[in-house]
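Student: predicted model follows, preceded by the sequence.
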Amino acid sequence: MAGRTTWRSLAVKVEVFELRKAFGKTAALDGVSLSVASGEFLALLGPSGSGKTSLLRVLAGLDFVDSGRIEIGGRSMEGVAARERGVGFVFQHYALFRHMTVARNVAFGLEVRPRWQRPPAREIRDQVRSLLDLMGIGDLAGRYPEQISGGQRQRVALARALAIGPGLLLLDEPFGALDARVRKNLRGWLRDLHDRMGLTTIFVTHDQAEAMEMADRVAVLRAGRIEQVDSPDRLHARPANAFVHEFLGDVIRLECSVAQGRAHFDALPLSDIATTCPAGPAIALIRPYEIGLRPGPGPAQVLSLHANGPLRRVRLTLAGLAMEVLLPADAWCPAVGQSCTLDLSRARIYSPTFA
Amino acid sequence: MSPVPVIAGAQPVCTTERPATRAGLIALTILLLAVLLLLPLVVVFVEAFAHGLGAVVEALVEPDAVAAIELTLIVAAVSVPLNTVCGVAAAWCIGRFRFPGRGLLITLIELPFSVSPVISGLVWVLLFGANGWLGPMLDRAGVRIIFALPGLILATVFVTFPFVARTLIPLMQEQGSTEEEAALTLGATGWQIFRRVTLPNIRWGLLYGVLLCNARAMGEFGAVAVVSGHVRGLTMTMPLQVEALFNDYDWVGAFTIAGLLSLLALVTLAVKAVLEWRVGRRGGALL
């Protein structure tokens, strides 16, 4: 890394208030408010069509909201063009300039500056080189985008976005087009880069494992609304509703009904669960590793067992319903064909408003 | 099922015709190409050189011929750049944006292809001619459009308008606008984006469209014939000059100018072939 250039940006705070944007009759953003602290790494997580990419594009100034307010670094973005925002944006398919070498791609943001703000050519060259070295792709400077791999393109796109010294970095599905192995490696690397550069980063993903692994906080979106913004820990421990709970990983879903602060499984001989949900029909959600199996005659029948590292995978039927349970290797486990009772005390009960 | 033998570099054989049938069909195609395309081209040059090189040179330096060549070059020099700029602008609008009336605009751009060239010339006569809508007004102002250079240019621009736009629209649609958006987030101005990102991405397609446009601009006969007025040495372009000389039984003169035009077509074709080869090698689609 060149001595002068330290590639530390001044991270900015991002705040959006009540953003609304509609494409025809469908609302892409339906009243989104969000505050991202400077230096934070935030994931926008949601199914496709939930508005996460729309939010990112609106922040970059590539699209415009119908109403609402955006502040980046305390400055209102109203009437500020995309090219004046100084926001780094990494596109889903990288959008590298195909007719330019890697070095020219990275230099682009510096070369298009007005004459009085443009560093001298030598300085640009040095900066590009140190950035490429930082990304670990220094030897690719002379290559064209079509001559390098997907993971390398990803790094070039990042280097290009970082060259303008942005305080805010936006990433749209940064690993979407990469295969699983490369993706896994890049996750840790990107998080590390974020910490070293002192950036504020917002990235879009539909992969909950990716969001939970990398982000300080995760905003879960659905249909243009934010359902919950929380740290990965808290999202797991206290999902705000059934949608968030189901979106964050495999769950087993059971119908139940609530009366006097207790959820009953009407058709199934299972113990009641205490809940604060209002009386009426409800849904119990529980993750496969939260279910316990207890000996004794019960409603569940074991279909098959599969030892899988530290966990044992038990497939069973519960009153005609097939489900898969993950048990720790040292827990009691019935044999195939045996029946047992289920411990669902860790299930969470939701009223079916968000069914 | 036995595997079909595949010769390295050759297409797998998947037709059921006998070799003799295939050879026959290929021979027929080559024969037709030779008779319909190659033979006329050969005739042009043979006839031009029938009385030797001296006659050809003489025919080329003849004042009316020089005037026709000059006029053709002027008409092309005005209409090709005009259509290039308009074509790029139109392709950019259509390829990059969705807006009401987009379909109509595409149809309008293709209109000159579907209209007979004679009509393309006639509309200008109806508009600007002595008895046309605007003719009397222009007459009073002392502006001459029909039977003069402006009319020739208008007719040529109309006929050759679709070439650049038609070449670029599919190309720009396929490329999408994310590279331009990336340039925008990196701080580039509109002009910088066009010059550094858009233009380099469409350059081969653009050159191809310009070549086709130029070939047609120089070779157009019908539309130009209607607005020209056939004043020798003044409003005769090369194709018109060829016809006039031919009608005068000046074979060498006619075929010399025709040969010159054919030469232009051959050069255009050669450049186009090189372009296609280059683009093909880079893996990009041209059309």
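Tutor: Structure received.

Student: and residue A:17, what does it touch?
Tutor: Applying CB atoms under 8 Å, 6 or more residues apart in numbering or on different chains to residue A:17 gives the contacts A:33, A:68, A:69, A:70. No exception for glycine: its C-beta is placed from N, CA and C like everyone else's.

Student: mind doing that once more with 7 Å?
Tutor: Counting by CB atoms under 7 Å, 6 or more residues apart in numbering or on different chains, residue A:17 makes contact with A:33, A:68, A:69.

Student: now the residue in the stretch 201-350 of chain A that chain B sits nearest to: how far from residue A:220?
Tutor: Closest approach between the stretch 201-350 of chain A and chain B, counting by CB to the nearest CB: residue A:202, at 13.7 Å. In this view, residue A:202 and residue A:220 are 14 Å apart by CB to CB, to the nearest Å.

Student: now residue B:235
Tutor: 73 Å.

Student: of those two, which one has the most company?
Tutor: Higher neighbour count among residue B:235 and residue A:220: residue A:220, with 28 against 21, using other CB atoms under 10 Å in any protein chain shown.

Student: how about the helix or strand hosting residue B:77 and chain A, touching?
Tutor: Assignment of secondary structure by DSSP states H and E places residue B:77 within helix B:63-96. No - remark: helix B:63-96 sits outside contact range of chain A, by CB under 7 Å from any CB of the partner chain, the gap being at least 13.2 Å.

Student: keep only those of the contacts of residue A:17 that are in strands.
Tutor: By the criterion of DSSP state E, membership of the contacts of residue A:17 in strands covers A:33, A:68, A:69.

Student: mind checking the SS state of the nearest residue to the last one once chain neighbours are set aside?
Tutor: With CB to CB, 6 or more residues apart in numbering or on different chains as the measure, residue A:17 is the residue that lies nearest to residue A:69, at 4.4 Å, once sequence neighbours are left out. Counting by DSSP: H, G, I helix; E, B strand; the rest coil, the backbone at residue A:17 sits in strand.

Student: before we move on, what about residue A:178?
Tutor: Applying three-state DSSP to residue A:178 yields a three-state assignment of coil.

Student: isn't residue A:296 up against residue A:343?
Tutor: No - when contacts are counted by CB atoms under 7 Å, residue A:296 is not listed as touching residue A:343 (11.5 Å).

Student: more neighbours: which of these two?
Tutor: Each of residue A:296 and residue A:343 has its neighbours counted (other CB under 10 Å); residue A:343 has more, 15 against 8.

Student: tell me the residues of chain A that contact chain B?
Tutor: Going by CB under 7 Å from any CB, the residues of chain A near chain B are A:60, A:62, A:82-83, A:87, A:89, A:91, A:93, A:95, A:97-99, A:108-109, A:112-113, A:160, A:164.

Student: quick one: buried ones out of those?
Tutor: If you count burial by 16 or more other CB atoms under 10 Å in any protein chain shown, the buried members of these come out as A:60, A:62, A:82-83, A:87, A:89, A:91, A:95, A:97-99, A:108-109, A:112-113, A:160, A:164.

Student: just for the chain, where's the confidence low?
Tutor: You didn't say which chain, so I picked chain A. The model of chain A has pLDDT under 70 over residues A:1-9, A:267, A:353-355.

Student: wait, chain B
Tutor: Counting by pLDDT under 70, chain B contains low-confidence ranges at B:1-15, B:279-287.

Student: and it, what are its domains?
Tutor: B:17-48, B:51-281 (automatic domain parsing).

Student: from the chain's centroid, how far away is stretch A:311-329?
Tutor: 28 Å (CA atoms, centre = their mean, to the nearest Å).

Student: could you pull out the buried residues of it?
Tutor: Across stretch A:311-329, burial judged by 16+ other CB under 10 Å covers A:311, A:312, A:314, A:316, A:318, A:323, A:325, A:326, A:327.

Student: what residues does it touch?
Tutor: Outside stretch A:311-329, the residues that touch it by CB under 7 Å, 6+ apart are A:252, A:267-268, A:288-289, A:291, A:293, A:299-306, A:310, A:333, A:342.

Student: looking at these, which are in strands?
Tutor: If you go by DSSP E, those have A:252, A:293, A:300, A:301, A:302, A:303, A:304, A:305, A:306, A:342 in strands.

Student: measure how buried residue B:195 is and give me the count.
Tutor: Residue B:195 has 13 nearby residues by other CB under 10 Å.

Student: meant to ask about residue A:67
Tutor: Residue A:67 is flanked by 11 other residues according to other CB under 10 Å.

Student: show me the contacts for it.
Tutor: Counting by CB under 7 Å, 6+ apart, residue A:67 touches A:18, A:20.

Student: likewise for residue A:38?
Tutor: Residues near residue A:38 by CB under 7 Å, 6+ apart: A:11, A:12, A:13, A:200.

Student: follow-up on the earlier one: beta partners for the residue of the stretch 201-350 of chain A closest to chain B?
Tutor: Using DSSP bridges, the beta-bridge partners of residue A:202 come out as residue A:42, residue A:170.
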